[in-house]
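Chemist: Build me a model from this:
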Amino acid sequence: MAEAPKISIAELKTPVTGTLVVLTDENLDFGAAARAAMKPSGDLFQRVAKIEKFTGKRNKILSLAAPSGLKLEHLIVAGTGKSKEMKAEDWLKLGGAIAGRLPAGARNVTVLAQTPGGKLGADEAAQIALGIKLRAYKFDRYKTKKKSGEDDESKTPAADIRVAAEDVAGTKKAWVAAEAVGSGIVLARELVNEPPNVLFPVEFARRASELKKLGVQIEVLDEPAMKKLGMHALLAVGQGSERDSRLVVMRWNGAKKKSEAPVAIVGKGVCFDTGGISIKPAASMEDMKGDMAGAACVTGLMHALAARKAKTNVVGVIGLVENMPDGNSYRPGDILKSYSGQTIEVINTDAEGRLVLCDALAYTNERFKPKLIIDLATLTGAILVALGQEYAGLFSNDDKLAERLTEAGKVTGELVWRMPLAPYYDKMIDSKFADMKNTGGRFGGSITAAQFLQRYIGKTPWAHLDIAGTGMAAHNTEIGDSWGPGWGVRLLNEFIAAHYEK
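Modeler: Below is the predicted model of the structure:
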């Protein structure tokens, strides 16, 4: 993997050499520090901007190499549009846009985090730095040959990036928290991007266990332990694989009162999903290495919370399996007894994620008695049909919880859209032979999957996020082109910070 740049917060001073990044608005005006830095070049910027038709529109970049009158190697001007209308997500995207246009092999970069309209806040400057960090991420550790015409420097990010801020102390404090979240996102991206022959359940559990270094308490349940507990639904999914299944419990106790009921986050971790006996079509099956994006998000979130020392109690639980066809695989027609005691008739072995989650959810609810439970899962293709890749599907039994998640989505840009739950859909998963079926058929597939999970929640406030469209195979954005986007870490970090930290 390409080496990540070192990002630091510095005083608002003009560099003598290297690459300078300045911010402008739709009036093509600059802050005082940028005006002073550019003064020796005269009207160079105005002339180039006119030729290039650069108007300062948000996230548009104008790059000048070896600008006349300056000793700089590059001058980069980043547009903010109407800077007073910029929100946290916009500053993040601006940082990503800047990182995307940094010269290949640049070794010394300074970003003047100052707007024409006045002082730029510490949180906004830290978001610019976070956007740079996320855009700089590359997953290329398995590439051994360079592309034609590619030199060593073209793959090397800027080694030293300084975000020069007006409120240095405040920005440094904000950057500690933002960088913690960024590292959690990178961890989630790494997990989703890894190939399935490298990242299987036992290896995933080992990597999650590394969070011990940050003070996270880790428990790993192996197959005998889960069998003793009665997690037969989860175990059934993995019984056709030569790779053993695991359940990992991650606990962060940051509240003053260690006994305070935690927020619980549960993730689906199907490290590879063939569909089992109900095997998937061959086309694009390689994408099913990302069927553990929910578990990746939970792991990245726990990293973020611990690294920034969140003042709350959170428990993260991930069920890790591999769904493979084999003589020992579970079959359509099987009846499974889940951890909760409820029985499940298997209709389709490719509806496996809910079998993993139902045991993980019931176990989490019974053992930790949390304030609320949120689960994340790349659960259904149907949610892609309904919402595409812009929104994750949100299902909830609690209006307040749903509203808070929706608001956190608007703040971070990781958007969710509430979908219905209703008794009618519940009837679609009733079984003639068991308490329920594991699929309700083609229509309303995302809804019946959520109805299935709801049977394992009881009265605990609960939300289910179907991230099949957002958790993997992401389209390029300002903050990265990673196939695994690390979706959900920022959303849930914002949700927890806004409502469950004192």
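
Chemist: show me where pLDDT drops low in the stretch 1-150 of the chain?
Modeler: Within the stretch 1-150 of the chain, the ranges that satisfy pLDDT under 70 run 1-3, 118, 146-150.

Chemist: go with 90
Modeler: Across the stretch 1-150 of the chain, residues meeting the criterion (pLDDT under 90) sit at 1-5, 12-17, 83-85, 103-107, 116-120, 144-150.

Chemist: repeat for the stretch 301-450 of the chain
Modeler: Low-confidence segments of the stretch 301-450 of the chain (pLDDT under 90): 442.

Chemist: Please enumerate the helices of it.
Modeler: 353-368, 382-387, 399-412, 423-427, 445-454 (DSSP state H, counting those that start in this stretch).

Chemist: For the second one, enumerate the helices and strands it packs against.
Modeler: Think helix 382-387. Contacts defined by 3 or more CB pairs under 8 Å, 6 or more residues apart in numbering; DSSP states H and E place helix 382-387 against strand 391-396, helix 445-454. C-beta here means a position set from N, CA and C on the backbone, and glycine is covered the same way.

Chemist: what angle do the first one and helix 445-454 make?
Modeler: Compare the direction of strand 391-396 with that of helix 445-454 by axes from the mean of the first three to the mean of the last three CA atoms, to 10 degrees and you get 40 degrees.

Chemist: what lines up beside strand 391-396 in the sheet?
Modeler: Paired neighbours of strand 391-396 in the sheet (DSSP bridges): strand 415-418 (parallel), strand 462-466 (antiparallel).

Chemist: between that strand and helix 399-412, how big is the angle?
Modeler: Using the same axes, to 10 degrees: strand 391-396 against helix 399-412 is 160 degrees.

Chemist: Off-centre distance for strand 391-396?
Modeler: From the chain centre to the centre of strand 391-396 is a distance of 15 Å (CA atoms, centre = their mean, to the nearest Å).

Chemist: again, but for stretch 449-469
Modeler: Remark: stretch 449-469 is offset 19 Å from the chain centroid, using CA atoms, centre = their mean.

Chemist: list the buried ones in it?
Modeler: Buried residues in stretch 449-469, counted by 16 or more other CB atoms under 10 Å: 449-457, 460-469.

Chemist: Output it in PDB with nothing but the alpha carbons.
Modeler: The C-alpha trace of stretch 449-469 is given here as PDB (Å, rounded to 0.1, in the frame of the first residue of the first chain):
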ATOM      1  CA  ALA A 449     -35.200  -9.100   5.900                       C
ATOM      2  CA  ALA A 450     -35.500  -6.300   8.400                       C
ATOM      3  CA  GLN A 451     -38.800  -7.900   9.700                       C
ATOM      4  CA  PHE A 452     -36.800 -11.100  10.300                       C
ATOM      5  CA  LEU A 453     -34.200  -9.300  12.300                       C
ATOM      6  CA  GLN A 454     -36.800  -7.400  14.300                       C
ATOM      7  CA  ARG A 455     -38.000 -10.700  15.800                       C
ATOM      8  CA  TYR A 456     -34.700 -10.900  17.700                       C
ATOM      9  CA  ILE A 457     -34.800  -7.400  19.200                       C
ATOM     10  CA  GLY A 458     -37.700  -7.400  21.600                       C
ATOM     11  CA  LYS A 459     -38.500  -3.900  22.900                       C
ATOM     12  CA  THR A 460     -34.900  -2.500  22.700                       C
ATOM     13  CA  PRO A 461     -34.700   0.600  20.500                       C
ATOM     14  CA  TRP A 462     -33.100  -0.700  17.300                       C
ATOM     15  CA  ALA A 463     -32.100   0.400  13.800                       C
ATOM     16  CA  HIS A 464     -31.000  -1.800  10.900                       C
ATOM     17  CA  LEU A 465     -28.900  -0.200   8.200                       C
ATOM     18  CA  ASP A 466     -28.900  -2.100   4.900                       C
ATOM     19  CA  ILE A 467     -25.600  -1.000   3.300                       C
ATOM     20  CA  ALA A 468     -25.500  -3.200   0.300                       C
ATOM     21  CA  GLY A 469     -25.400  -0.100  -2.000                       C
END
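
Chemist: circling back to that earlier point, can the helices of the stretch 301-450 of the chain go into TSV with extra columns for distance to Val163?
Modeler: Shown next, in TSV, are these (distance: least, CB to CB, whole Å):
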stretch	distance to Val163
helix 353-368	39
helix 382-387	35
helix 399-412	20
helix 423-427	49
helix 445-454	41
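
Chemist: what about the closest residue in space to Phe139 that isn't next to it in sequence, how many residues close to it?
Modeler: Nearest non-adjacent residue to Phe139, counting by CB to CB, 6 or more residues apart in numbering: Asn193, 4.3 Å away. Look at Asn193: counted by other CB atoms under 10 Å, it has 25 neighbours.

Chemist: what's the nearest residue to Val111 if we skip its chain neighbours?
Modeler: Using CB to CB, 6+ apart, the closest residue to Val111 is Val21 (4.3 Å).

Chemist: ok, back up a step: mind listing what the residue nearest to Phe139 touches?
Modeler: Asn193 makes contacts with 139, 482-484, as judged by CB atoms under 8 Å, 6 or more residues apart in numbering.

Chemist: which one of those is nearest Ala351?
Modeler: Gly484 (23.2 Å; CB to CB).

Chemist: tally of neighbours for the closest one?
Modeler: If you count neighbours by other CB under 10 Å, Gly484 ends up with 25.

Chemist: excluding its backbone neighbours, what's nearest it?
Modeler: Spatially, and ignoring its direct neighbours in sequence, Gly484 is nearest to Val192 (2.7 Å; CB to CB, 6+ apart).

Chemist: And Lys57, by the same measure?
Modeler: Per CB to CB, 6+ apart, closest to Lys57 is Gly79, 5.0 Å.

Chemist: Then Tyr330?
Modeler: Distances taken as CB to CB, 6+ apart place Ala236 nearest to Tyr330, at 4.2 Å, with adjacent residues excluded.

Chemist: Which strand or helix spans the one you found?
Modeler: If you go by DSSP states H and E, Ala236 is part of helix 232-238.

Chemist: same deal with Leu62?
Modeler: Per DSSP H and E: strand 61-65 holds Leu62.

Chemist: Name every strand pairing with that strand and say which way it goes.
Modeler: Counting by DSSP bridges, strand 61-65 is paired with strand 74-79 (antiparallel).

Chemist: Report the buried residues of the strand it pairs with.
Modeler: Neighbour-count burial for strand 74-79 [16+ other CB under 10 Å]: 74-79.

Chemist: same question, stretch 70-90
Modeler: Residues of stretch 70-90 classed as buried by neighbour count (16+ other CB under 10 Å): 70, 72-81, 83, 86, 88-90.

Chemist: from those residues, which is closest to Phe443?
Modeler: Using CB to CB, the buried residues of stretch 70-90 come closest to Phe443 at Glu89, 35.0 Å.

Chemist: Am I right that the closest one is in a helix?
Modeler: Yes. Under DSSP: H, G, I helix; E, B strand; the rest coil, Glu89 falls within a helix.

Chemist: Regarding this structure, what is its longest helix?
Modeler: helix 168-193 (DSSP state H).

Chemist: What's the first helix or strand after that one?
Modeler: As assigned by DSSP H and E, the chain's next helix or strand after helix 168-193 is helix 201-209.

Chemist: quick one, what contacts the residue nearest to Gly484?
Modeler: The neighbourhood of Val192, defined by CB under 8 Å, 6+ apart, consists of 289-290, 292-293, 296, 471-472, 483-486.

Chemist: This completes my enquiry, with thanks.
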